[in-house]
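Asker: Sequence plus the predicted model coming up.
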Amino acid sequence: METEVIKIENLKKNYNDTEVLKGVSLDINRGEVIVILGPSGCGKSTLLRCINGLEEFQHGTIKFNGEVMGTKDTQWYLLRQKIGMVFQSYELFPHMTILDNIMLGPLKSQKRDKDDVKAQAKGLLKRVGLEHRANSFPRELSGGQKQRVAIVRALCMNPEIILFDEVTAALDPEMVREVLDVILELSNQGMTMAIVTHEMKFAEAVADRIIFIDDGVIVEENTPKEFFKNPKTNRAKDFLNIFNF
């Protein structure tokens, strides 16, 4: 079995005349958690969106389980069932209950059995401490609860990898911990993940590898211990000094 779930080679992405990604190459291995760090506007979120097919790119290749993505034959609706993504905004349908929000994708896209999906959804809600909220509507939940629901919704599609794009950025500080604890539990269970975050302590705790991006290129790649205690580049040192590392 291939150990690489995602393989990115010389990826370049432009927005009009602005080059956002300038030749990024990166492998994400099965069961691995990578955390992507860098200043705002450096290309972190754009990289995740290219992996998930939400952004077109101008040069390079992205492979999922050895298959090239982004060609005219790519069936993104099938790939996104295997490449889950959780955003800053929860993207929950306000007129649907929490349970119905979670079940929508598996029922409509995967045509799975309703009873099986419901059982899985309820089990996942229990895992994140929200089984009592199954019949609530999004407006009745806190930001942290809605973000946990968004994670459950992604998990219910049975993805091979989940991409997390600044999932705590819109939360009040007291709600951040409950979301990060769920992600940390997923890492302990072997879920393959790529995480963009500004939560440095969390990054240090959850990552197998730190990828530091600045100005559209990977400046440094290292273990969390080495990156936070002994960064190799001056740019990484300057970045960490902002967070008092």
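Answerer: Here it is on my side, so go on. None of the values given here were measured: they were computed from a predicted structure. Numbers count the residues shown, from 1 in each chain.
Asker: Can you mark which positions in the helix or strand of the chain with the lowest mean pLDDT are buried?
Answerer: Every helix and strand of the chain was ranked by mean pLDDT, DSSP states H and E. The lowest is helix 76-82, at a mean of 87. Judged by neighbour count using 16 or more other Cβ atoms under 10 Å, the buried positions of helix 76-82 are Leu79, Arg80, Gln81. Yep, even glycine has a C-beta here, placed from its N, CA and C like the rest.
Asker: Just to check, the last one is in contact with Gln110?
Answerer: Yes - Gln81 is within contact range of Gln110, at 6.3 Å (criterion: Cβ atoms under 8 Å).
Asker: what do these two both touch?
Answerer: The contact sets of Gln81 and Gln110 overlap at Met157 (Cβ atoms under 8 Å, 6 or more residues apart in numbering).
Asker: Show the end-to-end separation of stretch 33-47, please.
Answerer: In stretch 33-47, first residue to last residue: 16 Å (Cα to Cα, to the nearest Å).
Asker: residues in contact with it?
Answerer: 8, 11, 13, 20-21, 24, 26, 28, 48, 55, 165-166, 187, 191-198, 200, 203, 206-216, 219, 224, 239.
Asker: can you tell me which helix in the protein is longest?
Answerer: With DSSP state H applied, the helix covering the greatest number of residues in the chain is identified as helix 173-188.
Asker: quick check: mean pLDDT across that one?
Answerer: Confidence over helix 173-188 (mean pLDDT, whole number) is 92.
Asker: Which neighbouring elements make contact with it?
Answerer: Contact here means 3 or more Cβ pairs under 8 Å, 6 or more residues apart in numbering; DSSP states H and E; on that basis helix 173-188 packs against helix 143-155, strand 192-196, helix 200-206.
Asker: mind checking how far Lys108 is from Val149?
Answerer: From Lys108 over to Val149 the distance is 18 Å, taken as Cβ to Cβ, to the nearest Å.
Asker: For these two, indicate the residue with more neighbours.
Answerer: Shown here are Lys108 and Val149; by other Cβ atoms under 10 Å, Val149 has more neighbours (25 against 9).
Asker: who's in contact with that one?
Answerer: Tyr90, Leu92, Ile98, Asn101, Ile102, Leu125, Val128, Leu130, Arg133, Pro138, Leu141.
Asker: try 7 Å
Answerer: With contact set as Cβ atoms under 7 Å, 6 or more residues apart in numbering, Val149 has these partners: Tyr90, Leu92, Ile98, Asn101, Ile102, Leu130, Leu141.
Asker: so what's it scoring on pLDDT?
Answerer: 96.
Asker: re the thing from before, could the helices and strands packed on helix 173-188 go into CSV alongside distance to Glu178?
Answerer: Below are those laid out as CSV (distance: least, Cβ to Cβ, whole Å):
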stretch, distance to Glu178
helix 143-155, 5
strand 192-196, 16
helix 200-206, 12
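Asker: Out of the ones you listed, which is closest to Thr74?
Answerer: When these are compared by Cβ to Cβ, strand 192-196 sits nearest Thr74, at 19.0 Å.
Asker: which residues are contacting that closest one?
Answerer: The set of residues that contact strand 192-196 without belonging to it, under Cβ under 7 Å, 6+ apart, is 5, 28, 30-36, 44-45, 48, 160-166, 183, 186-187, 206.
Asker: can you check stretch 129-147 too?
Answerer: 90, 92, 94, 97-99, 122, 125, 148-149, 167, 170-172, 175, 178-179.
Asker: cool, and stretch 58-78?
Answerer: Contacting residues not belonging to stretch 58-78 are listed as 2, 5-14, 50-51, 53, 57, 79, 83, 109 [Cβ under 7 Å, 6+ apart].
Asker: In helices only, show me those.
Answerer: When helices are assigned by DSSP H, the members of the contacts of stretch 58-78 inside them are Cys50, Ile51, Leu79.
Asker: Done for today, thanks.
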